[in-house]
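**Q** the following comprises the amino acid sequence and a computationally predicted model.
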Protein chains: 4
Amino acid sequence: MITVGVIGAGRIGKVHTESICNYVRNAKIKTIADPYMNEETEKWVASMGVPNTTKDYHDILNDPEIDAVLICSSTNTHSIISLEAIAAGKHIFCEKPIDHDLDKIKQVMDALKEHPELKYQVGFNRRFDHNFAAVRKAVVDGKIGETHIIKVTSRDPEPPSAEYAAVSGGMFLDMTIHDFDMVRFLAGCDAEEIYVQSAVLVDPAIGEAGDVDTAVITIKMENGAIAVIDNSRRAAYGYDQRAEVFGSKGMAATTNDTQSSCVLSNAEGVTGEKPLYFFLERYMQSFATEVKDFINAIENNTDTPVGVIDGLKPVLMGIAAKKSVEEHRPVKISEIKY
Amino acid sequence: MITVGVIGAGRIGKVHTESICNYVRNAKIKTIADPYMNEETEKWVASMGVPNTTKDYHDILNDPEIDAVLICSSTNTHSIISLEAIAAGKHIFCEKPIDHDLDKIKQVMDALKEHPELKYQVGFNRRFDHNFAAVRKAVVDGKIGETHIIKVTSRDPEPPSAEYAAVSGGMFLDMTIHDFDMVRFLAGCDAEEIYVQSAVLVDPAIGEAGDVDTAVITIKMENGAIAVIDNSRRAAYGYDQRAEVFGSKGMAATTNDTQSSCVLSNAEGVTGEKPLYFFLERYMQSFATEVKDFINAIENNTDTPVGVIDGLKPVLMGIAAKKSVEEHRPVKISEIKY
Amino acid sequence: MITVGVIGAGRIGKVHTESICNYVRNAKIKTIADPYMNEETEKWVASMGVPNTTKDYHDILNDPEIDAVLICSSTNTHSIISLEAIAAGKHIFCEKPIDHDLDKIKQVMDALKEHPELKYQVGFNRRFDHNFAAVRKAVVDGKIGETHIIKVTSRDPEPPSAEYAAVSGGMFLDMTIHDFDMVRFLAGCDAEEIYVQSAVLVDPAIGEAGDVDTAVITIKMENGAIAVIDNSRRAAYGYDQRAEVFGSKGMAATTNDTQSSCVLSNAEGVTGEKPLYFFLERYMQSFATEVKDFINAIENNTDTPVGVIDGLKPVLMGIAAKKSVEEHRPVKISEIKY
Amino acid sequence: MITVGVIGAGRIGKVHTESICNYVRNAKIKTIADPYMNEETEKWVASMGVPNTTKDYHDILNDPEIDAVLICSSTNTHSIISLEAIAAGKHIFCEKPIDHDLDKIKQVMDALKEHPELKYQVGFNRRFDHNFAAVRKAVVDGKIGETHIIKVTSRDPEPPSAEYAAVSGGMFLDMTIHDFDMVRFLAGCDAEEIYVQSAVLVDPAIGEAGDVDTAVITIKMENGAIAVIDNSRRAAYGYDQRAEVFGSKGMAATTNDTQSSCVLSNAEGVTGEKPLYFFLERYMQSFATEVKDFINAIENNTDTPVGVIDGLKPVLMGIAAKKSVEEHRPVKISEIKY
C-alpha cells in the first residue's frame, strides 16, 4: 500500500484524488494540500475518506509516512515542488508541463539523476486513453508496418479566457504540448524538425495577446515518418480528438467518443451525438489509468510509463514551434539549446 | 447517508458493492452476507473498506442500523428474502427476476402494499445504459413521433452451461427477460400479445434440456406498436446488444459499444473492434447508475425507477412466450393468470 | 446480339430501356410498345436510338427478328402477355409479380414446361443490388457458417395512393413480395411457415381499404433458420432497405446507401445524409445488372438467375401472410394450394 | 446536339467516350483519333456506335462538323493540340495537366483570349465527385461558417512504374495536382504559400529517380485558411480519398466509397470493405458528370466549371511544392513566375 499526498485541490487534483480513492486499491491518500483550502474543499476531502488537509504542501513533503506526491498545483510551481519533493525522497507524479523554462526542467532531471530510486511520472494522460492506446498497440504489434504518416487532430470546444491564455505559455506549450507527446508516443521516437503554419481565426483577442488559435504543424520524426497536427482553439461541435497512423501495411485510426451510440434518423438526416464535451469527460478513464500505473511502478519498482525525459521533449517541441512561427521556417529540435 | 447490507457476494453482488463504494457518495455498506463466505471473499470485502461479513443474511435483516438491502443471492431465494426484508423494514434492491413463480411475486407485491414506506427496485440495469437511455429519451422527447416498431437484438457470446440452463427457468425467463423489460421501457407501455418462433440451432444439449437457444419474438404492445426481439445464445463476434425504435417522425437506433474506436485498414479490409465481451464489461456503467438511483430514491423519498410491478411484467411475458412455443400460437398476456 | 422488344413504356419500362441502351452491349432494342404511346414518349424512344414504336404489343410478339421481350406493362397483364410471348417463342423478362392469381402463374409455368428452350426471368432486382449481393456472397462463401436468423428491414418513404393500394393486391403482394424474395435469396431455401403481426399506423385510409401499412413478419425457413421482415409504408427519413444474416460463425449486415458520405458536425450533432430517396435512386445499379444477366443467359443458353419458380414462391408467401392476418395464427406455406 | 471528336483512345479517352455514349444525350462522338489505332480499338469504337476512327487527330480538327474535342492524348501533347484546336475553332475539354511548362500554358491562355467564344475545360474530375461536391456545397451553403482548416488525404493503391514516374513530372505535378485543385475548390480561393515535408518511404527507386513518394503539404490560402494535404504513393488498403473542411460553425468530412456497405462481424472483429480500388472505379461518376457539364456549357453558352485558369493554378502550386522541397522552406506562389 502506497501512501500518497496530493498537492493542489483544483480541477485536476480532484480528478486524481477520485481516481485513487475509487480505482487504485494499492494506494491511499493521507493528505491533500491547497493554499486556498476552504470549508467546501474540506467537505469534499472528507467525503473522499481522506483524513488530512493542509494549506502548506511542505506538511506533505515533511511527512515520513507519505511515499509519493501528486503535483497538481499551478504550472509555475511544478518544477520547484518537484525539486523539493525529490530532496524529501518522495516519488512524484507531476502534471504537465514540468516547466516552460528548460533550465528548470534540467534542474529536475539533474536532481533525479542523484536519486535513481525515485519514480517520476509526467501527466501526459492521453497515452492511457483507450483509443490512442489501441492505435499505439497496432503500431507496436506491427499491424501497420513501418510508420509513414501520423496525423493528430486536436481541437478544443472553447478557447481559454484571455487571462489564462496570457500565463499559459501560448497554445503550443499549453494545448499542443499534449499532441507533441502523442506524436512521440505513436511514432515511438523523437521529433527532428518542426514547421508551423498558424493563424488567428477564432478570436482576435488571442492574436492581440501574441498567441495563435489555429495551426497546422508538420514534424519530421527521427524514424523518417512525417507527423502532422492540426489544432483549433474552438470546434463548434466540441472536443475533437482523433489520431491516425499510416504505414507500409495499413492504417490505424480513431474517431471521437460520444455519450451514447444513439443515432436519430429523421427528415433532416441521420444524426449521431457530438464528441464528449471536454477533457474531463473525454479522458476520465485515462486519468485513472495513468495514476494506477504510477502507483504500480512504485510498488513493483519498475520504470514509470512517462518519465521526466517525456516531460522535457514536448517542451522542446513547443519552443521549436514558437520559433518556427516567429522565423517562418522549419526549425530543427537540435536548435533548441538547454 | 444510507447504510446498506449486501446479501450475496457472487459476481453481481461484487459489482454492486464496488459501485456503491466507488460512486455512491450517499451510501455506505456495513455488512456483506454470503453462505459461502471464505477468506478470499473476506479479503476482498476488507479491500473495499466494508467492515463486516457474515454467512447469515439474517444478521443484516436484524441490524437496526441498516436501512437498505441488496438481494444478490441465487434466484430461488429472491422472493423469500424480499418478504423477510419487507418484514424487517428494509428498503430493497432485488436482482431480477423476483421469482419465476407468479404466486411468490404476488406475495412480495402484497407485502409491499402493507409497507408503502419501503422502496423496492428490481435490477433491470439495461434501462440505465447510456445507449438505451438515449433511445428512450428520444422517444420521450417526441423525436420519433408515435412509436410504430421496436426492435431489440440481444445475443449472448456463449450459451450457459447445461447445469445453469436447467435451473435458469429457460431462455425466456433467464435471458429474454431483460429484453421484455427493454421493450416495455422503450414503448412506455405493456405488452398485449406474444408470438414466438424459436429453434435449437446453437447447442442440441439445450434442446435436450427442453429449452431453445434461438428465437424471434413478436409482441403487440398496448399502444399499438409492434415489437420484435431476436435472441441467440451464441454470437461468434460477442455480446450483441442493440435497439431501434421506429415511429411516425423517424428512428432512434444504437450500435454496440467497443473497447476503443480504433479501426485498422489493411489489405484485408477495414476492421473495427468486436462488441465489449459480456454483460459485466458492457453494462458496468448501468450497474453503477441503477444503484445510485436506488439510493437517491430512498434519500429523497421518491419512487424507484424500476418498481415491483416492473419485476412482475417481464415474468408474465416470459411465461406467455413459453406458452406460445408450446401451443405454437400467439398468446395474450391476459391469458396468464396470477 | 440479342434483339429485344419492350412492352410497356412506363417508369420501369424506361429504366430497363435505358439500362439496355447504356450498359448491355450484346442487346439492342428494336421496338417499344405502349397502348398510351404519345409524342413525348416517341421523342424519348428516338433519343434512346430505338427505331420503332407501337401501341400494340402484338407487333413485337409477331416480329420474327425479336428474340426476347421485357414485360413492363401493368401487373394484371403480366401472365397473359407471358403466355402469348411463350407461344410466340420469345424469351421473357417479366416484371414482378407474374400474377396475384396462382392459377395464372401455374399456366405460365405449364407453358414454359412445353418450351424448355425459352428463358424466363422475373424482375426481383434486389438480388442484384451490390449490398444484398455482398451479404448473399458472405453466406455462400461460408463466412457466417450455418444461418440462424435473417432480418430484413424494408420501409418505403411514402405510402402509395389509395387508388394504387386498391389494385396492388395489398402490402404483402405489392411491397413485401420483394422482401419475401430477399429472404429466400439470403437463406438459399424456401419458407415453411409465416406469422404476421400487422397494424394500420401510417394512414387510416389504408385500413379502410382493407390493407395494413405496418408489419412484422416471422418466417420459419426450410433450413431451420428464422427470418423476420419489418415493413412500414412510411419512413420519415426515406427508403430504409437493410438486411442482416446471423449465423454460427458471424453476421453479415448492410446499411443504407446515401447520395454522398459527407458528414456535417456542428453544434447540433454529427449528421450524415438520409438514404437514397426511393427505388429508382436506390436500385438503379441492380436494374441494369438484372437485365444484363438476362441477356447473357439467353446468349450463353444458361439458366436465368431468377426463374419462374422464383416468381411463384413469393406470391405463395404473400397469400400465406394475408391468411395469417385474417386468421391470426401461423400459416404453413403448404396450406396454400395451387 | 454537339458533335465531338475524341483525341486519344487510351484509358481516359475510353472513359470519356463511354460517358458521352451512355449518359450525354446532347452530344454524339463522330471520330476517335489515336496514333496507335488498331483492330481491337476499332472494334471497341464500333461497339460504342462511333462511326469514324483515324490515326491523325488533325482529321478531327479539320472536320467542320465537329464542334468540340476531348484531348486525352499524352501529357506532353496537351498544350500543342490545345493551340491547334483553338486555331481550328473547336471547344476543348483537355485532360489535366495542360502542361508542366508554364510558358506553354500561357500560350494556351493567350490563344483563348483571342477566342472568347470557345469553351475550355480542364479535366479536374474530382470536383464533380458526389462526396467532394457535397463538402463544397456545405461550405457554399454556409454550413461550416468561415473556413479555418482544410484537410485532404490522397493516397494511391500502388506507385506508378519507374518509367511513368520519370515522365510524369514528379508526384506533385502528377498526383498531388488533383489535391491542389481540390484545395482551391474547397477553399473557393487561391493558395498563397506552400511548405512541403516529403520523404521516400514507399520505394527507393522513386527516390533514385529524383522524386518523393510520401508528403505532407501545408498551404496558406488567400482567405486565411490553412490547408494540409497528405500523400502516399501506396496505401496497402487501397485508394484513400478523403477531405475535411473545418470552420467557425462546424466541419464537413467525407469517408471513402466502397463496393458495398456489407459489414462482416465475426470472431476477428467487425470488418467492412476496402475503398474502391483506384480512380477508374472511385471516380467513374465524376468523369461522366464533368463531360456532361462541358457539353452543357457549350450548348448553353455558359462558362465551363473548370476553366483554363484552373488548369494553370495547380501547376503553379506543384512547381512551388518542388521548390519548397529543394530549398527546404515555405515558398510563396508569387515567387513562381510565368
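**A** Perfect, I can see it now.
**Q** and the gap between the closest residue to A:Ala225 other than its chain neighbours and chain C?
**A** Nearest residue to A:Ala225, sequence neighbours excluded (C-beta to C-beta, 6 or more residues apart in numbering or on different chains): A:Thr147, at 4.4 Å. In this view, the C-beta of every residue, glycine as well, is placed from N, C-alpha and C. Shown here: A:Thr147 relative to chain C, a distance of 26 Å by C-beta to the nearest C-beta, to the nearest Å.
**Q** what's the burial count for A:Thr147?
**A** 22 (other C-beta atoms under 10 Å in any protein chain shown).
**Q** contacts only, for it.
**A** A:Val139, A:Leu186, A:Ala187, A:Gly188, A:Met221, A:Asn223, A:Ala225, A:Val245, A:Phe246, A:Gly247 (C-beta atoms under 8 Å, 6 or more residues apart in numbering or on different chains).
**Q** A:Ser248 too?
**A** A:Ile144, A:Gly145, A:Glu146, A:His148, D:Leu201, D:Val202, D:Arg234, D:Ala236.
**Q** what's the closest of those to chain C?
**A** Proximity of those to chain C was ranked by C-beta to the nearest C-beta; the top entry is D:Ala236 with 21.0 Å.
**Q** any idea which helix or strand carries the closest one?
**A** Here D:Ala236 sits in a region with no helix or strand, counting by DSSP states H and E.
**Q** likewise the one 5 residues further on?
**A** Using DSSP H and E, D:Gln241 sits in strand D:240-247.
**Q** mind listing residues that contact that strand?
**A** A:155, A:230, A:232, A:235, A:251, B:265, D:126, D:131-132, D:135, D:138-139, D:144-155, D:182, D:186, D:232, D:251-256, D:275, D:282.
**Q** for the closest residue to chain D within the stretch 1-150 of chain A, give its distance to D:Arg233.
**A** Here the residue of the stretch 1-150 of chain A nearest chain D is A:His148; by C-beta to the nearest C-beta that distance is 4.7 Å. Counting by C-beta to C-beta, to the nearest Å, the gap from A:His148 to D:Arg233 is 10 Å.
**Q** find the nearest non-adjacent residue to the residue of chain A positioned farthest from its centre, please.
**A** Seen from the C-alpha centroid of chain A, the residue lying at the greatest distance (C-alpha atoms, centre = their mean) is A:Ala267, 41.8 Å away. Closest residue in space to A:Ala267, ignoring its immediate chain neighbours: C:Ala236 at 5.2 Å, by C-beta to C-beta, 6+ apart.
**Q** what's the neighbour count on that neighbour?
**A** C:Ala236 has 21 nearby residues by other C-beta under 10 Å.
**Q** ok, it - contacts?
**A** A:Ser265, A:Asn266, A:Ala267, B:Gly145, B:Ser248, B:Lys249, B:Gly250.
**Q** quick one: the strands in the stretch 201-338 of chain A?
**A** A:214-221, A:226-232, A:240-247, A:250-253, A:263-266, A:269-272, A:331-332 (DSSP state E, counting those that start in this stretch).
**Q** then the fourth one to PDB, C-alphas only?
**A** Which is strand A:250-253. Taking Å, rounded to 0.1, in the frame of the first residue of the first chain, the C-alpha atoms of strand A:250-253 are listed here in PDB:
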ATOM      1  CA  GLY A 250      -2.100  -0.200 -43.400                       C
ATOM      2  CA  MET A 251      -3.600   2.400 -41.200                       C
ATOM      3  CA  ALA A 252      -5.000   2.600 -37.600                       C
ATOM      4  CA  ALA A 253      -7.400   5.400 -36.900                       C
END
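**Q** outside of it, which residues touch it?
**A** Outside strand A:250-253, the residues that touch it by C-beta under 8 Å, 6+ apart are A:134-135, A:138-139, A:143-145, A:242-245, B:262-267, D:235-237, D:240.
**Q** can I have the buried ones of the residues you listed as a ChimeraX selection?
**A** To isolate the buried subset of the contacts of strand A:250-253 in ChimeraX, counting by 16 or more other C-beta atoms under 10 Å in any protein chain shown, use the following:
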select /A:134,135,138,139,143,144,242,243,244,245 /B:262,263,264,265,266 /D:235,236,237,240
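**Q** OK, contacts around A:Gly10?
**A** If you count contacts by C-beta under 8 Å, 6+ apart, then A:Gly10 has A:Asp34, A:Cys72, A:Ser73 around it.
**Q** ok, is stretch A:177-191 in contact with chain B or not?
**A** No. If you take C-beta under 8 Å from any C-beta of the partner chain as the test, stretch A:177-191 misses chain B, and the best it gets is 11.7 Å.
**Q** any buried residues in that stretch, and which?
**A** By neighbour count on 16+ other C-beta under 10 Å, the buried set for stretch A:177-191 is A:177-187, A:190-191.
**Q** most neighbours of all the contacts of A:Gly10, which one?
**A** Counting neighbours by other C-beta under 10 Å, the top entry in these is A:Cys72, with 26 neighbours.
**Q** for that one, give its distance to A:Asn125.
**A** 12 Å.
**Q** near chain D, which residues of chain A are found?
**A** Residues of chain A lying close to chain D (C-beta under 8 Å from any C-beta) are A:145-146, A:148-149, A:151, A:155, A:195, A:197-199, A:201-202, A:214-216, A:218-220, A:224-226, A:228, A:230, A:232, A:234-237, A:240, A:246, A:248-251, A:328-330.
**Q** related to what we said a few turns ago, of the contacts of A:Gly10, closest to D:Ile86?
**A** Lowest distance from D:Ile86 to the contacts of A:Gly10 (C-beta to C-beta) belongs to A:Cys72, with 71.5 Å.
**Q** for chain A, longest helix please?
**A** Counting by DSSP state H, the longest helix found in chain A is helix A:308-327.
**Q** skipping adjacent residues, who's closest to the residue most central in space within chain A in space?
**A** Centroid-nearest residue in chain A: A:Phe124, 3.1 Å away (criterion: C-alpha atoms, centre = their mean). Spatial nearest neighbour of A:Phe124, chain neighbours left out: A:Asp181 (4.4 Å); criterion: C-beta to C-beta, 6+ apart.
**Q** next to chain C in this structure, residues from the stretch 101-250 of chain A, please.
**A** Close to chain C, as judged by C-beta under 8 Å from any C-beta, the stretch 101-250 of chain A has residues A:Ala235, A:Ala236, A:Tyr237, A:Asp240.
**Q** just grab the bridge partners of the last one for me.
**A** Beta-bridge partners recorded for A:Asp240 (DSSP bridges): A:Arg155.
**Q** the spatially closest residue to A:Met48 that is not a sequence neighbour: neighbour count?
**A** In space, and not counting its chain neighbours, A:Met48 is closest to A:Cys21: 4.9 Å by C-beta to C-beta, 6+ apart. Residues near A:Cys21, counting by other C-beta under 10 Å, number 18.
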